[in-house]
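Peer 1: make a model of this:
(one chain, ligands or ions: 2)
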Amino acid sequence: MSDVPDILSETIPRKSYFLGLDFSTQQLKAVVVDEKLEVLHEAAVNFDRNLPEYRTSGGVKKNGSTVTAPTVMWVKALDLLMDQLKITGLDFQDISAISGSGQQHGSVYWRKGVQNLLPTLDPTKFLFLQLANCFSIQDSPVWMDSSTHSYCETMEKKLGGPQRLADLTGSRAYERFTGHQIAKIVSEKAELYFNTERISLVSSFACSVFLGCYSPIDWSDASGMNLFDITLKDWDSQCLHMCAPDLKEKLGEPVATHTCLGPISNYFVERYSFDPSCQVVVFTGDNPASLAGMCLEPGDVAISLGTSDTVFLWLSGKPTPSLEGHVFCNPVDPEAYMALLCFKNGSLTRERIRDVFAHRSWDEFDALLACTPPGNHGHIGMYYDEQEITPKTQGTFRFNAFDQKVNTFEEAATEVRALVEGQLLAKRVHAEQLGFNIGESCRVFVTGGASNNRSILQILADVFNADVFTQDTANSSCLGSAYRAAHGLALKESGMFIPFNEFMANRRPNFTLLCRPRVEAAKLYDSMAARYATLESSILTHQ
Ligand SMILES: Nc1ncnc2c1ncn2[C@@H]1O[C@H](COP(=O)(O)OP(=O)(O)O)[C@@H](O)[C@H]1O
Ligand SMILES: O=C(CO)[C@@H](O)[C@H](O)COP(=O)(O)O
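Peer 2: Ligands and ions are numbered 1, 2, ... in the order given. Predicted structure coming up:
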């Protein structure tokens, strides 16, 4: 037990629940925890399945390299989710604070005049009916978009090169980053931009709905925009001016990620019987929220296998952003940072290969993995169905044991293993190139939908030569949001700052050691990682 004063029970002694939400790519999810931070309820609304009227695939709509999601779909999902939570028997009165997260980089455009409407929503009506006409742009650009290449080039050039931009904002220019998405809107749909009163990220948009007024953007999610100075923790005026006029006013003042913003709006009090004093803690990005949900500590590596695959870790000390990957402000420690690598071709590519080679069945997919040995007899595959982020390339590349390019693999099992090994080797190779400490001394924590798949996790343990741990819920962004709600409220009530990891010391979530590396396989993957890196470089050189 820690000897740190337990500010949650000292400041909030009564029965208290905390609600955490996650507006991710394919679904809206919720978790409710009690005052011991133990999970009481979980709920989810899947955009494709539960809201087919919006015709999304994997939660998004694609038009070439432009990828969007209907903003109002997220609102309707919230209407459905709240009703689902009610049916679980949850008494909203017991919720003391809420927080949430959203897929990163996506943006929402509120039309002029909506700031007067948000506080006066009619509690007898669904939110989606009242907010349907509130967006100056109906379809929000999301993180899968790769249509802003020219805007990225312009910003890097004007700012003195990609490294200079990375030093300032934590990342070189990335197409999905919000600044470039905004620049594209100004250039292609100027009148819609000028009819916009406020621009939110997905996280701050969702937070605004609960707050009944525009929510600020938090430092951690702001770091995914190429607009935010991660050292000064403020918008960079040069970057803002390069993207759009009057952008600072449309974005509002950014705030620290533990900030308690105030009470929930009257709409939720009247419609769902929330306590009027229930507090809203600023929402953040889904990966930062996962870092909180996993209670990550310096030295641990987290891997999220959701729609995107991400690898991230806690960064102590002064960050040194490079030309690959991202540095974000840390969501739970205002002095620290986190590093992140994002791979666009994650679960959706695994699903495609499963559908083609394993009759749409994860069990069959696992069986195919089981009948091939680690190393796949030397076969290596790289599957970039969509333009990849890490590294920036597209296409399918297969190599035989002699490093020769081949068009197909003969067996379905070879294809399935090549996909999984290729995806996991890419994570190791790029993480090592960034200086992440991989190997026996590190612990790997996994989350996201595919972390339910033990066969994939065993290969992960072997490739990383590290123990792999999972949490009871694969929903660490929601969990992290619920924890952050409790932390933010406790800080507000106590009037003092206690670091999140100390606050969580007596209530850390359970982790299960699921897979350990097998010595022979780990040795084999050492040499395969070197081969993989060389083959990947050859693809990039010849593209
Ligand atoms: N048993 C499984 N094996 C591999 N992948 C799985 C399994 N179960 C679910 N998934 C994957 O999980 C993905 C959804 O993950 P999730 O973390 O909920 O995504 P997001 O948060 O981005 O919406 C699905 O696209 C699906 O492919
Ligand atoms: O672009 C990134 C991170 O930089 C993605 O990780 C998005 O944040 C989407 O998250 P998931 O829905 O895949 O969890």
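
Peer 1: quick check: residue 66 touching residue 144?
Peer 2: No: using Cβ atoms under 8 Å, residue 66 is not in contact with residue 144, being 9.6 Å away. C-betas here are computed from N, CA, C, even on glycine.

Peer 1: are we agreed that residue 321 is in a strand?
Peer 2: No: Residue 321 is assigned coil when assessed by DSSP: H, G, I helix; E, B strand; the rest coil, not a strand.

Peer 1: which residues of the stretch 201-350 of the chain lie near ligand 1?
Peer 2: For the stretch 201-350 of the chain, the contact set with ligand 1 under Cβ under 6 Å from any ligand atom comprises 306, 307, 347, 350.

Peer 1: of those residues - the most surrounded one?
Peer 2: Taking other Cβ atoms under 10 Å as the neighbour criterion, residue 306 ranks highest of those with 26 neighbours.

Peer 1: circling back to that earlier point, for ligand 2, tell me which of the residues of the stretch 201-350 of the chain next to ligand 1 show up nearby.
Peer 2: Within these, those near ligand 2 by Cβ under 6 Å from any ligand atom are 306, 307.

Peer 1: just to revisit the earlier point, more neighbours: residue 66 and residue 144, which one.
Peer 2: Neighbour tally, residue 66 and residue 144, criterion other Cβ under 10 Å: the higher count belongs to residue 144, 27 against 17.

Peer 1: for ligand 1, what's the nearest residue on the protein?
Peer 2: residue 449 (1.9 Å; Cβ to the nearest ligand atom).

Peer 1: any idea how far residue 58 is from that residue?
Peer 2: 12 Å (Cβ to Cβ, to the nearest Å).

Peer 1: now swap in residue 311 and tell me
Peer 2: Taken as Cβ to Cβ, the span from residue 311 to residue 58 is 21 Å.

Peer 1: assign residue 31 to helix, strand or coil.
Peer 2: Applying three-state DSSP: residue 31 is strand.

Peer 1: pull the contacting residues for the residue nearest to it when sequence neighbours are not counted.
Peer 2: Excluding its sequence neighbours, the residue lying closest to residue 31 (Cβ to Cβ, 6 or more residues apart in numbering) is residue 478, at 3.9 Å. The neighbourhood of residue 478, defined by Cβ atoms under 8 Å, 6 or more residues apart in numbering, consists of 20, 21, 22, 29, 30, 31, 42, 100, 101, 289, 293.

Peer 1: narrow those to those in helices?
Peer 2: Among the contacts of residue 478, DSSP state H puts 289, 293 in helices.

Peer 1: tell me the buried residues within the contacts of residue 478.
Peer 2: Applying 16 or more other Cβ atoms under 10 Å to the contacts of residue 478, the neighbour count classes 20, 21, 22, 29, 30, 31, 42, 100, 101, 289, 293 as buried.

Peer 1: circling back to that earlier point, if I look at the residue nearest to residue 31, how far off is residue 42?
Peer 2: Distance from residue 478 to residue 42, by Cβ to Cβ: 8 Å.

Peer 1: and residue 452, by the same measure?
Peer 2: 14 Å.

Peer 1: just residue 400 next, same as before
Peer 2: Noted for residue 400: a distance of 45 Å to residue 42, by Cβ to Cβ.

Peer 1: which parts of the stretch 101-250 of the chain sit against ligand 2?
Peer 2: 103, 104, 105, 143, 176, 224.
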